[in-house]
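Peer 1: Have a look at this fold, sequence not included:
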């Protein structure tokens with residue numbers, strides 16, 4: 001199931017794993033939308049089409065997208081970097 005509301009994640013990457021079509025980035029920071037905001041650690045999927053090789057995600061990661069719920073797993077699907 002995919003959330004209908006747009007979420008933003010702002011924080012720092014703690015772990016980055018490279019895959020064939022993108023990056024899995026574990027981000028510790030703030031997850032918020034227009035109604036709520038909270039501190040959390042979330043896994044973010046970043047496709048290579050959005051990846052800017054010049055950015056250092058360990059210093060700052062800011063993105064907008066949706067949350068995806070699959071069974072017990074929840075992750076953030078990045079649609080745009082801020």
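Peer 2: Everything's here; your move. If you're wondering where the values come from, they're calculated on a predicted model, not measured in any experiment.
Peer 1: Isn't residue 42 up against residue 9?
Peer 2: Yes. Using Cβ atoms under 8 Å, residue 42 is in contact with residue 9, at 6.5 Å. C-beta here means a position set from N, CA and C on the backbone, and glycine is covered the same way.
Peer 1: who touches both of the two?
Peer 2: 27, 31, 76 (Cβ atoms under 8 Å, 6 or more residues apart in numbering).
Peer 1: Could you single out the nearest of these to residue 50?
Peer 2: residue 76 (12.6 Å; Cβ to Cβ).
Peer 1: For the closest one, which non-adjacent residue is closest in space?
Peer 2: Spatially, and ignoring its direct neighbours in sequence, residue 76 is nearest to residue 44 (4.3 Å; Cβ to Cβ, 6 or more residues apart in numbering).
Peer 1: Run a quick neighbour tally on that neighbour.
Peer 2: 22 (other Cβ atoms under 10 Å).
Peer 1: Am I right that it is in contact with residue 74?
Peer 2: No. Contact criterion Cβ under 8 Å: residue 44 and residue 74 do not qualify, at 11.1 Å.
Peer 1: returning to what we had before: TSV please, covering the shared contacts of residue 42 and residue 9 and showing pLDDT, neighbour count and distance to residue 63.
Peer 2: Below are the shared contacts of residue 42 and residue 9 laid out as TSV (pLDDT from 0 to 100; neighbours: other Cβ atoms under 10 Å; distance: Cβ to Cβ, whole Å):
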residue	pLDDT	neighbour count	distance to residue 63
27	98	25	8
31	96	19	11
76	97	24	7
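Peer 1: Which of those residues fall in strands?
Peer 2: 27, 31, 76 (DSSP state E).
Peer 1: For the protein, which segments are assigned as strands?
Peer 2: 7-18, 22-32, 37-47, 61-70, 73-81.
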